[in-house]
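Enquirer: Based on what follows, work out the 3D shape:
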Amino acid sequence: MSSSYFKIIGKNPLHGTIVPQGNKNEALPLLGALLLWEGDVILENLPEIADVQKLMDVLRHIGVEITSLDTKGSYLFQKKNPVKSDLPYELCSQLRGAVTLAGPILARTGRVFLPKPGGDKIGRRRMDTHLLALEALGAKIEVFPDGYMITADRLFGKDILLDEASVTATENAVMAAVFAEGTTTIRNAASEPHVQGLCRFLVAAGAKIEGIGTNHLTITGVTSLSSPEGGLKHRIGSDYLEVGSFISLAAVTGGEIHITDVNLEDIRMIRMVYSRLGIEVRPTETGILVPSDQKMEIIPDYHGATPKIDDAPWPGFPADMTSVALVTATQCKGTVLIHEKLFESRLFFVDNIIAMGAQIILCDPHRAIVIGANRLYGQRVASPDIRAGMAMIIAALCAEGQSEIHNIVQIDRGFESIDTRLRSLGAQIERIPN
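Expert: Residues are numbered from 1 along each chain as shown. You can find the predicted model right below:
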């Protein structure tokens, strides 16, 4: 699988209906959270992607029994043995999502060795916010070349101000604080939909969390969590980042796609940004429709100033959508500045898009000016990370001729059977084994 590549022939408008996968960024912390109690848990709408499968392998290693149920994406999780504190280095070093196991294992066992996490190659992804939050709750941190030893005989509620609104650090702090003595306040907390999903999942098991959906969370510690009679069942929400990618695919190929199972609140800022690119999205009874008659023209700021698309903590524009927005802008008439503030290497993939014919000026590691509309031509490229991989698929599907996208193991980490699903919309995309 890892040595395969995508062969794509572009310039075919995509048409049809598609259902977004479950939210990857909600699924990963939920798999950690279920370690906090002994009862059975059923998770529904888990995306069938590499990162989720790897984290499930980690859970099996530390004592969780996992059974696939009849409904696609549904699994039963049972903890029949004590949870182990030592995480498998080989698996965790490939997986950024493993970091969300630190909080729940520490809360349950008082000790966890967290291997340095892997994931996308988009620049440094600091662990400091996680460690400082756990330290504030009473944990001791020892730093080793290959990871972190985190120990705590007891955890105590504290007033914590996160030094950045990190999603996974917020999730780790919340899960650790559930069993901390007293009350924990987390300020500057992340509030993305997947953080909200995690908090509601914990509340369903008896956690006391207030302020869900805001950047000020209050957690009153409890001594235990428990599943309702018959076990706890939770359905993971739709991946709004994938919804944003499908909107782009429809627009740049000149097609018409109906996307079902969409939470309109989750894509409110994405719709606002796309509207500045001349892309309209229409709500329907079952989701949204991206019609074929798009203007595809960038709306300047007042007085004709160059507009800017920049990422920000929720409810701002998601950082994970900047790569897709950049490629989308190449197909829109006008000029826009893309400002990715979070990761210093996220925009380095633009060399590939420039090679395809795009007019992009990379100002520095965080800013790029896109001058559109450009005619793109098929090229041989390689994906450095999940989101750049999807952006390259979008570019290839609107380009003339044939493209090859290599290193698609990165794409498979975040998008479920994306080639099969896009073919259902009329895309000419094949997975070719090397």
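Enquirer: Run through the residues that contact residue 238.
Expert: Neighbour list for residue 238: 19-23, 45, 261-263, 266 [criterion: CB atoms under 8 Å, 6 or more residues apart in numbering]. Just so you know, the C-beta spots here come from the backbone N, C-alpha and C atoms, and that holds for glycine as well.
Enquirer: Show the pLDDT at it.
Expert: Per-residue confidence (pLDDT) for residue 238: 96.
Enquirer: Please apply the same query to the one 3 residues further on.
Expert: According to the per-residue confidence, residue 241 scores 96 in pLDDT.
Enquirer: same question, residue 117
Expert: 70.
Enquirer: In terms of helix, strand or coil, where does it fall?
Expert: Residue 117 falls in the coil class when you classify it by DSSP: H, G, I helix; E, B strand; the rest coil.
Enquirer: what's the neighbour count on it?
Expert: Residues contacting residue 117 under the criterion other CB atoms under 10 Å number 21.
Enquirer: how close does it get to residue 414?
Expert: Per CB to CB, to the nearest Å, residue 117 is found 15 Å from residue 414.
Enquirer: repeat for residue 218
Expert: Residue 218 sits 32 Å away from residue 414, going by CB to CB.
Enquirer: quick one: which of the two has more around it?
Expert: Taking neighbours as other CB under 10 Å, residue 218 and residue 414 compare with residue 414 leading, 25 against 18.
Enquirer: Apart from its neighbours in sequence, what residue is nearest that one?
Expert: residue 386 (3.6 Å; CB to CB, 6 or more residues apart in numbering).
Enquirer: What residues does the one you found make contact with?
Expert: Contacts of residue 386 (CB under 8 Å, 6+ apart): 120, 320, 410-411, 413-415.
Enquirer: how's the protein carved up into domains?
Expert: Using the TED database, the domain ranges for the chain come out as 4-20+238-433, 24-235.
Enquirer: looking at those, which has the lowest confidence?
Expert: When the domains of the chain are compared by mean pLDDT, domain 24-235 comes last with a mean of 90.
Enquirer: going on from whichever helix or strand residue 133 is part of, what's the next piece of helix or strand?
Expert: For residue 133, the host element (DSSP states H and E) is helix 128-136. Downstream of helix 128-136, the first helix or strand assigned by DSSP H and E is strand 140-144.
Enquirer: For the next helix or strand after that next one, report the contacting residues that lie outside it.
Expert: Next helix or strand after strand 140-144 toward the C-terminus (DSSP H and E): strand 147-151. With contact meaning CB under 8 Å, 6+ apart, strand 147-151 is reached by 89, 102, 106, 110-116, 127, 131, 134, 139-142.
Enquirer: what about residue 74, neighbour count?
Expert: Using other CB under 10 Å, residue 74 has 16 neighbouring residues.
Enquirer: Could you grab the helix/strand/coil label for the closest residue in space to residue 30 that isn't next to it in sequence?
Expert: Nearest non-adjacent residue to residue 30, counting by CB to CB, 6+ apart: residue 201, 5.7 Å away. Secondary structure, three-state DSSP: residue 201 is helix.
Enquirer: What's the separation between residue 201 and residue 27?
Expert: To residue 27, residue 201 is 11 Å away according to CB to CB.
Enquirer: Neighbour count for those two, which is higher?
Expert: residue 27 (26 against 20).
Enquirer: Next up, phi/psi of the residue of the chain positioned farthest from its centre, please.
Expert: Distance from the C-alpha centroid of the chain peaks at residue 303, with 36.1 Å (CA atoms, centre = their mean). The phi and psi torsions at residue 303 (degrees, to the nearest 10) take the values phi 70, psi 20.
Enquirer: And for the one 4 residues further on?
Expert: Dihedral pair for residue 307: phi -80, psi 170, per degrees, to the nearest 10.
Enquirer: What distance do you get for the nearest residue in space to it that is not next to it in sequence to residue 388?
Expert: Spatial nearest neighbour of residue 307, chain neighbours left out: residue 301 (5.0 Å); criterion: CB to CB, 6+ apart. Distance, residue 301 to residue 388, by CB to CB: 27 Å.
Enquirer: Ok, residue 20 next?
Expert: Distance from residue 20 to residue 388, by CB to CB: 19 Å.
Enquirer: And these two? Which one has more around it.
Expert: residue 388 (31 against 25).
Enquirer: Let me see the contact set for residue 367.
Expert: The neighbourhood of residue 367, defined by CB under 8 Å, 6+ apart, consists of 337-340, 347.
Enquirer: Residue 208: which of the residues you listed is nearest?
Expert: The nearest member of these to residue 208, counting by CB to CB, is residue 340 at 36.8 Å.
Enquirer: As a check, name the ranges of all helices in the stretch 151-300 of the chain.
Expert: 167-177, 193-204, 240-253, 268-276 (DSSP state H, counting those that start in this stretch).
Enquirer: got the CA positions of the longest one in CSV?
Expert: Going back to what we said before, that points to helix 240-253. What follows is helix 240-253, C-alpha atoms only, in CSV (Å, rounded to 0.1, in the frame of the first residue of the first chain):
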residue,chain,number,x,y,z
TYR,A,240,-15.7,19.0,8.2
LEU,A,241,-12.2,19.3,6.7
GLU,A,242,-13.2,16.6,4.2
VAL,A,243,-16.4,18.5,3.4
GLY,A,244,-14.2,21.5,2.6
SER,A,245,-12.1,19.5,0.3
PHE,A,246,-15.1,18.1,-1.6
ILE,A,247,-16.4,21.7,-2.0
SER,A,248,-13.1,22.6,-3.6
LEU,A,249,-13.2,19.5,-5.9
ALA,A,250,-16.6,20.4,-7.2
ALA,A,251,-15.7,24.0,-7.8
VAL,A,252,-12.3,23.6,-9.6
THR,A,253,-13.6,20.8,-11.9
